[in-house]
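[1] predicted structure and sequence below. I'll ask about it afterward.
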Amino acid sequence: MRSAPPTPTMSSDTNLISDAPVEAVGATADARAPRVRIPRRPVHGVLMLDKPLGLSSNDALQKVKRLFRAEKAGHTGTLDPLATGLLPICFGAATKFSQVSLEADKGYRATLQLGQTRVGGDREGEVIAERPVVCDRAAVEAACARFTGLISQLPPMQSALKHNGKALYEYARAGVTVERQPRQVTIHRIDIIEWQAERPDLLVVDVLCTKGTYIRTLAEDIGEALGCGAHLAGLRRIVSGPVDLRASVTLAALEAMDEAARDACLRPVDVLLADWPAVQLGEADAARFLSGMRRRIVHADAEHVRVYGPDGRSLLGGAHVKAGELIADRLLSPLEVRALRRD
């Protein structure tokens, strides 16, 4: 069970919600009706949520946060309501490392409808044009290969990028198009999962890419490269950094569980750091490291390392190594370290 005694309230960051210890629910139109108060509790760990279709990332976060009665929680990167799949939810101490997942590479399974372009590049938009799909497997492979590596993308108007303090999708809803600047992203790999000559208008691909990649734009670009156009008919996130869907749980499954079963679904705080080298410190060095002091260690320079105490299991925080010095980047509090040690 990933719970611990109450800890001091922490300041909130982007996508982090820090509530009071209790929450009132079940209020009715009658102001005199009794209010049921659900006590909040400190929870530490990471939940691999399989987000359902039609739910925003923030709505999913709020539902999960209430189910766990958690004091503090945050998600690790917005997933569009029209997309499903992996949405890591961080609780307590894990929220300190949510930025790691935000910056990590992502993997998606995308379903492209070839031969039809739509407003906004997805299935919700009105049809703009329809063209015949005339291609073979070699052409599809060549089109995918063309967009592998470092590429330039024009952010879609349906994106959350800001222009003069307002999200682009707000302009799009008002029928206004604003000038955008291309952005460079890296597509590490595009694997063709499904394409058949008997039904050439359906293409399913797995895409591994850097953060900030617009898959709907990629779908449109592949369609144009094939000469028939395309839109994104479905999107599912399957990878985020070192974690994937295999350990995920659906919202419906969580709602059917009792609290103990939900707690058993939580992964350790350091699961998001699994691809970082590990450094173990002795007792004296661990105490000094937690106070923010640099420590001399025998280790090659490294941009990121995860640091543990003498037992090799108690996470102390994240750091980097330069010229033999271990320099803290993100530290857990002593209360958090003790709480994780009891889990």
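    Perfect, thanks for sending it.

[2] how does this protein divide up, domain by domain?
    Domains of the chain are assigned by automatic domain parsing as 16-104+242-271, 106-240, 276-342.

[3] what's opposite residue 239 in the beta bridge?
    residue 107, residue 244 (DSSP bridges).

[4] now do the buried residues in stretch 212-221.
    213-221 (16 or more other CB atoms under 10 Å). Yep, even glycine has a C-beta here, placed from its N, CA and C like the rest.

[5] any chance of the domains of the chain in a markdown table, plus mean pLDDT?
    As requested, the domains of the chain are exported to a markdown table (pLDDT from 0 to 100):
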| stretch | mean pLDDT |
| --- | --- |
| domain 16-104+242-271 | 86 |
| domain 106-240 | 93 |
| domain 276-342 | 95 |
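
[6] thinking again about what came up before, state the pair within the buried residues of stretch 212-221 that is farthest apart.
    213 and 220 (13.1 Å; CB to CB).

[7] just how off-centre is stretch 192-203 within its chain?
    29 Å (CA atoms, centre = their mean, to the nearest Å).

[8] again with stretch 134-148
    Chain-centre distance of stretch 134-148: 29 Å, with CA atoms, centre = their mean.

[9] over to stretch 143-152?
    Going by CA atoms, centre = their mean, where stretch 143-152 is centred and where its chain is centred differ by 23 Å.

[10] ok, now stretch 237-252?
    9 Å.

[11] list of residues touching stretch 166-173?
    120, 155-163, 177-178, 180 (CB atoms under 8 Å, 6 or more residues apart in numbering).

[12] what do you get if the cut-off is 10 Å, keeping everything else the same?
    119-120, 125, 155-164, 174, 176-178, 180 (CB atoms under 10 Å, 6 or more residues apart in numbering).

[13] need the buried ones from those residues selected in ChimeraX.
    The ChimeraX command for the buried members of those (criterion: 16+ other CB under 10 Å) is given here:
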select :120,125,155,156,157,158,159,161
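
[14] so of the contacts of stretch 166-173, which ones are in strands?
    If you go by DSSP state E, those have 162-163 in strands.

[15] just the helices from this structure, written as ranges.
    57-68, 98-103, 137-146, 168-173, 215-225, 251-256, 259-264, 283-290, 334-342 (DSSP state H).
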